[in-house]
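Novice: need the 3D shape of this:
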Amino acid sequence: QADSNDELVRKDQLDVALTAVQGSTLVAMVPYVASGSGTSIFIDNIPTTAPRVTLVWSNLSTNGASQVIVKFGSASGVHSTGYVSTALGYEGTNNTATNWLSSAFIIEDGANSNVTRSGSATIIGINNQYVMTGISNRYVNTASVFSGGVTLPSALTSITISTVNGTDVFDGGIVNVLYE
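Specialist: Sure, this is the predicted structure:
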């Protein structure tokens, strides 16, 4: 039982406090709804001091069959060159395909229309050199593991999720970004 001098903390204040303090690390999670976002999902305002960023997507889908890609941005804009990126696909226990890309990070070995993807990627940066690794599934028994790196002219400040052809429209799912 609280006496009259006790302060009650509202749930929204507690949520903000829990987001701001996780041990001694600043942690924030920002959701982006993919449906209706057009041909790309742009995530900005990533703190330049964040040593690790995690992307999480659930039931992400497009209206076409182009592969989903991720590009990084810095103070000078979104970068489309210098990536070393590979995705390796597995269906059951078989390697189905390997794809690589130098214009972005590729997160899947192939794509079909009317499919959803769920997965996550961890991004770690040191001195403007960034590595992204992760796993994404497509269908019940198909998964892609992916990895790559890129050097930016300055610190990472934004992430753009789009497709290889640049014309497919995101029509479902959610993307979250977590930075520490």
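Novice: so I159 sits right up against W57, yeah?
Specialist: No - at 11.5 Å, I159 does not count as touching W57 under the criterion of Cβ atoms under 8 Å. Every C-beta, even on glycine, is put in place using the N, C-alpha and C of the backbone.
Novice: for F146, name its beta-bridge partners.
Specialist: Under DSSP bridges, the beta-bridge partners of F146 are A87, G134.
Novice: out of everything not next to it in sequence, what's closest to G73?
Specialist: Nearest non-adjacent residue to G73, counting by Cβ to Cβ, 6 or more residues apart in numbering: S158, 3.5 Å away.
Novice: now for Y90, how many residues are close by?
Specialist: Y90 is flanked by 17 other residues according to other Cβ atoms under 10 Å.
Novice: could you pull up the residues touching it?
Specialist: 96, 142-145 (Cβ atoms under 8 Å, 6 or more residues apart in numbering).
Novice: tell me where the chain has strands.
Specialist: Ranges of strands in the chain, per DSSP state E, are 28-33, 41-43, 52-62, 68-74, 77-78, 84-91, 94-101, 105-106, 117-126, 129-138, 142-151, 158-163, 170-179.
Novice: reformat those as a markdown table; add mean pLDDT.
Specialist: Formatted as a markdown table, the strands of the chain follow (pLDDT from 0 to 100):
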| stretch | mean pLDDT |
| --- | --- |
| strand 28-33 | 62 |
| strand 41-43 | 90 |
| strand 52-62 | 92 |
| strand 68-74 | 96 |
| strand 77-78 | 96 |
| strand 84-91 | 89 |
| strand 94-101 | 76 |
| strand 105-106 | 94 |
| strand 117-126 | 95 |
| strand 129-138 | 94 |
| strand 142-151 | 93 |
| strand 158-163 | 94 |
| strand 170-179 | 88 |
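Novice: how far away is the residue nearest the centre of the chain from N141?
Specialist: Nearest to the mean C-alpha position of the chain, counting by Cα atoms, centre = their mean, stands L55 at 3.0 Å. The span separating L55 from N141 equals 23 Å under the rule Cβ to Cβ, to the nearest Å.
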